[in-house]
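**Q** 3D model of this:
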Amino acid sequence: MRAVVHETFGEPADVLTVAERPVPQPGPGQVLVRTVLSPIHNHDLWTIRGTYGFKPELPAASGTEALGVVEALGEGVDRLQVGQRVAGGTFGVWAEYYVADAAGLVPVPDAMPDEAASQLVSMPFSAISLLHSLDLHDGDWIIQNAANGAVGRMVAQLGKARGINVIGLVRRAEGVEELREQGIDRIVATDSEGWQDQVRELTGGAPIVAGVESVGGKAAGDIASVMGENGTLVVFGAMASPTLEIPSGKVIFGQLTVKGFWGAVVSKTMPAELKGQLFGELITRVLDGSLTLPVSETFVFEDARAAARASDTAGRVGKVLLRP
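**A** Numbering: from 1, shown residues only. A predicted model of the protein is given here:
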């Protein structure tokens, strides 16, 4: 079978290639899945660069999420059927076939398009798990930066559907209009003078109880500066810098709590019943249109380098997908 691999760590646009690999066979509790579509996530690109929390042995496979069709069942698997569409995956899904634990795959309803189903698990589940972990209530205010990123857009849409008021920060004024065109409001550009005043006007003086930080560096201090006392700042990513610049006074006198969030760990430790409830909500939100999962472009495996470049393009709306 064909698979997207890299023999060295480096820029994905420079090191990705296609190689022949044997078709894997499912073991007990596993299934063999034929890949249909797979999104490119930031963590996929960071893994290829060798800068993520997980560093595979070289030569390495690539990709972590896909939509596929069940081709074969391993011993003991009875909740899935051959020919069934499933979302989810494991490391190495940028291949014609992959093996995954049956328990980690989500059956996809017939009404859901392939493009949306291919993105159902990683980013949307991280977004809804993040909101769930904050124990928010109807009418609460939260703020996030990287609001024009995939997770940022999903947090805004899911928050709205749950009755949560979400303010999004972007680093350039153009991002405000880009998100407004997608039906997402309450966006403030931090490159405009007096942006903190704009945030206060939006809340009408209500406290911001939680923040989602995905940029790093000075941006972490920016988002903390407008949060209320006893707020919780969740560090979700580090797009610009691995270091957080947060004034100590905000932590001491504002009693700010700072904690990390890694979706992969949260998913592994979450009770199965709760996970099922959250996935059920995600599917409902996608089907009723309150959660949108747009696609920017789709590339074949042989064009993986071009796909990586497209995924890194600023201002892109929607995920870049790979297909065999």
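**Q** where in this protein is pLDDT low?
**A** Under the criterion pLDDT under 70, the flagged ranges of the chain are 315.
**Q** grab the most central residue of it for me.
**A** The residue lying closest to the centre of the chain (Cα atoms, centre = their mean) is residue 123, at 2.5 Å.
**Q** I'd assumed residue 318 was in contact with residue 39.
**A** No - applying Cβ atoms under 8 Å, one finds residue 39 not in contact with residue 318, separated by 9.6 Å. Heads up, the C-betas are built off the backbone N, CA and C, glycines and all.
**Q** who has more neighbours out of those two?
**A** residue 39 (28 against 17; other Cβ atoms under 10 Å).
**Q** tell me the bridge partners for that one.
**A** Going by DSSP bridges, residue 39 is paired in beta bridges with residue 321.
**Q** check contacts around it.
**A** The contact partners of residue 39, by Cβ atoms under 8 Å, 6 or more residues apart in numbering, come to 65, 66, 118, 119, 122, 123, 319, 320, 321, 322.
**Q** could you dump those residues into CSV with distance to residue 225 added?
**A** Output for the contacts of residue 39, formatted as CSV (distance: Cβ to Cβ, whole Å):
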residue, distance to residue 225
65, 35
66, 40
118, 38
119, 33
122, 31
123, 27
319, 31
320, 34
321, 37
322, 39
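**Q** from residue 76, how far off is the residue nearest to the centre of the chain?
**A** Computed as Cβ to Cβ, to the nearest Å, the residue 123 to residue 76 distance reads 30 Å.
**Q** give me the element residue 223 is part of.
**A** Using DSSP states H and E, residue 223 maps to helix 218-225.
**Q** residues contacting that helix, please?
**A** The contact list for helix 218-225, computed with Cβ under 8 Å, 6+ apart, reads 143-145, 169, 171, 190, 196, 211-213, 233, 235, 240, 244-247, 250, 254, 256.
**Q** of those, which belong to strands?
**A** 143, 144, 169, 211, 212, 213, 233, 235 (DSSP state E).
**Q** using ChimeraX, define a selection of the buried residues within those.
**A** To isolate the buried ones among the ones in strands among the contacts of helix 218-225 in ChimeraX, judged by 16 or more other Cβ atoms under 10 Å, type:
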select :143,144,169,211,212,213,233,235
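**Q** the ones in strands among the contacts of helix 218-225: which two are farthest apart?
**A** Largest separation among these by Cβ to Cβ: 169 and 235, giving 14.8 Å.
**Q** ok, back up a step: which of the contacts of residue 39 fall within helices?
**A** Within the contacts of residue 39, residues falling in helices by DSSP state H are 122, 123.
**Q** any buried residues in stretch 271-284, and which?
**A** Quick answer for stretch 271-284 (16+ other Cβ under 10 Å): 275, 278, 279, 281, 282, 283.
**Q** who touches that stretch?
**A** With Cβ under 8 Å, 6+ apart, stretch 271-284 has contacts from 106, 109, 112, 120, 124, 125, 128, 129, 132, 267, 291.
**Q** what's the closest of the residues you listed to residue 300?
**A** Using Cβ to Cβ, residue 120 is the member of those that sits closest to residue 300, with 21.8 Å.
**Q** tell me how many other residues surround that closest one.
**A** Number of residues near residue 120 (other Cβ under 10 Å) recorded here: 24.
**Q** residues touching it, list them.
**A** Applying Cβ under 8 Å, 6+ apart to residue 120 gives the contacts 67, 87, 88, 106, 108, 112, 279, 282, 283, 286, 293.
**Q** show me what counts as buried in stretch 129-139.
**A** 129, 130, 131, 132, 134, 136.
**Q** check stretch 292-306 too.
**A** 293, 295, 297, 298, 299, 301, 303, 304, 305.
**Q** what about the residue of the chain positioned farthest from its centre, distance to residue 205?
**A** Centroid-distance maximum for the chain: residue 253 at 32.7 Å, with Cα atoms, centre = their mean. Using Cβ to Cβ, residue 253 is found at 19 Å from residue 205.
**Q** residue 166 now?
**A** For residue 166, the distance to residue 205 equals 17 Å [Cβ to Cβ].
**Q** equivalent analysis for residue 232, please.
**A** When distance is defined by Cβ to Cβ, residue 232 is 20 Å away from residue 205.
**Q** neighbour count winner among those two?
**A** Neighbours per residue (other Cβ under 10 Å) separate residue 232 from residue 205, with residue 232 holding more: 17 against 6.
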